[in-house]
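Undergrad: task: produce atomic coordinates for the following.
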Amino acid sequence: MSPLAFFLITSIVKMLVVFTVIMVGVALMTLVERRLCAFMQDRLGPNRVGPFGLLQPAADGLKNIVKEETYPALADKWLFILAPAISFTPALLTFAVIPFAAPLATKWGIVPMVVADLPVGFLYILAISSLGVYGIVLAGWASNNKYALLGGLRASAQMISYEIAMGMSTVAVLLLAGNVTLSQVIAQQQLARTWNIVPLFVAFVLFLISALAETNRVPFDLPEAEGELIAGYHTEYSSMKFSMFYIAEYSNMLTASALMATLFFGGWDIPFVHWDAAAGLAWWQVLATLAAFCAKTSFFVFLYMWIRWTLPRFRYDQLMALGWKVLLPIALLYLTILGAAIWYLHVQLGWAYGWRFAWTLGALNVVLAVIQLWVLDRGHIVSGSAARKAA
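TA: Next up, the predicted model:
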């Protein structure tokens, strides 16, 4: 087999597998969330369609496909139809650069377990994922509904507010790895035998909060707050168009979880196992790394769901204050301190990046995290959160 044919075949297979897994995974995530929230609220949840309710996502999909389409009389029809697709497509494209397992060694060559190992890495994810907000804004505007328009405007303001903090938190990873390619970020964590959660704990906290806001999940679901906006930007949508917004939300949640596992928890790296993946691994080793990646991603998906059914949503002024008055200043200050610490350890002390380097930065992060938690204590910065003093 020629190298070109080998490359084309493996690329097509990876694209089909990743697309299928994401679509099936999103369907199962809806079932898991409904069963999980039922467990937290001491009820049963879906359990009638299929064994243990496993066919409930298929029933929901069939219902949405055969359901009647409705169009508001004064809506912009073409933009109204196009908006769900604009929101849905970036959610699928973002997963293309995330390595989901170690490279596989075959007799024809090495197969990297990533659809496209782009040199721009997580910068591509930040750029493409932010395009999804265009679909939400267009959905709100094209519906010709005041509540939907307010939801779209809220989504755009929220994306701008938290995209900056998210980008700044990933700069910390760049400072350590010296590369934005996700496969190199994983290799750097393997080389140090320490995941980035240790030397970059504060950056992880900033990224986690920003990722929750970017995916419009509770407590940041102001664009679709039922008590204020009926259903927000998708108020006028029905049938599969309505479902596509939820598919996009769950796909973004899956991508954000996979990105957190990759940037801060070693991606497919298995703890205390040191395999040289540069030359490719055997099939059973690749399956083991795939299982490790899936376990880490599943944990963050569970965390998303746990937070949704535990915390109440913010008020809108609190949401904006948290993004601009808290996360952005903390991210800027953190990058300044982290850059100075890396320069001192690397240039002044001559330390190469390894476990000693990482754990020294980890101690610095513990100190900064304690200060950060004190600053974020209710009533210090977040607007409107302090209890009113009696007159």
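Undergrad: show me the strands in the stretch 1-150 of the chain, by range?
TA: 104-106, 109-111 (DSSP state E, counting those that start in this stretch).
Undergrad: want to throw the ones you listed into JSON lines with distance to Cys37 and mean pLDDT?
TA: Heads up, the C-betas are built off the backbone N, CA and C, glycines and all. Putting those into JSON lines (distance: least, CB to CB, whole Å; pLDDT from 0 to 100) gives the following:
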{"stretch": "strand 104-106", "distance to Cys37": "38", "mean pLDDT": "89"}
{"stretch": "strand 109-111", "distance to Cys37": "39", "mean pLDDT": "88"}
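Undergrad: Gly151: which of those is closest?
TA: Gly151 sits nearest to strand 109-111 of all the strands of the stretch 1-150 of the chain, at 43.2 Å, using CB to CB.
Undergrad: can you give me the neighbour number for the nearest residue to Leu82 once chain neighbours are set aside?
TA: The shortest distance from Leu82 to any non-neighbouring residue, by CB to CB, 6 or more residues apart in numbering, is to Leu138 (6.9 Å). Using other CB atoms under 10 Å, Leu138 has 20 other residues around it.
Undergrad: ok, now which ones touch Leu138?
TA: By CB atoms under 8 Å, 6 or more residues apart in numbering, the contact list for Leu138 reads Leu79, Leu82, Ala83, Ile86, Gly152.
Undergrad: and the pLDDT at it?
TA: For Leu138, the pLDDT comes out at 88.
Undergrad: if we can go back for a sec, any of the contacts of Leu138 buried? List them.
TA: Leu82, Ala83, Ile86, Gly152 (16 or more other CB atoms under 10 Å).
Undergrad: follow-up on the earlier one: widest-spaced pair of the contacts of Leu138?
TA: Leu82 and Gly152 (13.9 Å).
Undergrad: next, name the residue at the spatial heart of the chain.
TA: Ala256 (1.3 Å; CA atoms, centre = their mean).
Undergrad: with adjacent residues omitted, what lies nearest to it?
TA: Ala256 sits nearest to Ala211 (CB to CB, 6+ apart), 4.2 Å away.
Undergrad: try Val111
TA: Counting by CB to CB, 6+ apart, the residue nearest Val111 is Leu104, at 4.4 Å.
Undergrad: swap in Thr70?
TA: Ser238 is the one closest to Thr70 (CB to CB, 6+ apart), at 4.8 Å.
Undergrad: what's near enough to touch the one you found?
TA: Lys67, Glu68, Glu69, Thr70.
Undergrad: any idea how far it lies from Gln41?
TA: Per CB to CB, to the nearest Å, Ser238 is found 27 Å from Gln41.
Undergrad: with Ala165 instead?
TA: 32 Å.
Undergrad: comparing those two, which residue is more hemmed in?
TA: Neighbour count, other CB under 10 Å: between Ala165 and Gln41, Ala165 has more, with 24 against 9.
Undergrad: tell me the mean pLDDT for whichever strand or helix holds the more buried one?
TA: When elements are assigned from DSSP states H and E, Ala165 belongs to helix 146-177. Mean per-residue pLDDT for helix 146-177: 88.
Undergrad: now Ala341, nearest residue through space, not along the chain?
TA: Ala341 sits nearest to Leu364 (CB to CB, 6+ apart), 5.7 Å away.
Undergrad: just Met23 next, same as before
TA: Per CB to CB, 6+ apart, closest to Met23 is Ile247, 7.8 Å.
Undergrad: and that neighbour, what's its pLDDT?
TA: At Ile247, pLDDT is 87.
Undergrad: before we move on, what SS does it have?
TA: helix (DSSP: H, G, I helix; E, B strand; the rest coil).
Undergrad: any idea how far Thr297 is from it?
TA: 17 Å.
Undergrad: tell me if I am right that Gly266 is in a strand.
TA: No: Gly266 sits outside any strand when classified using three-state DSSP, being coil.
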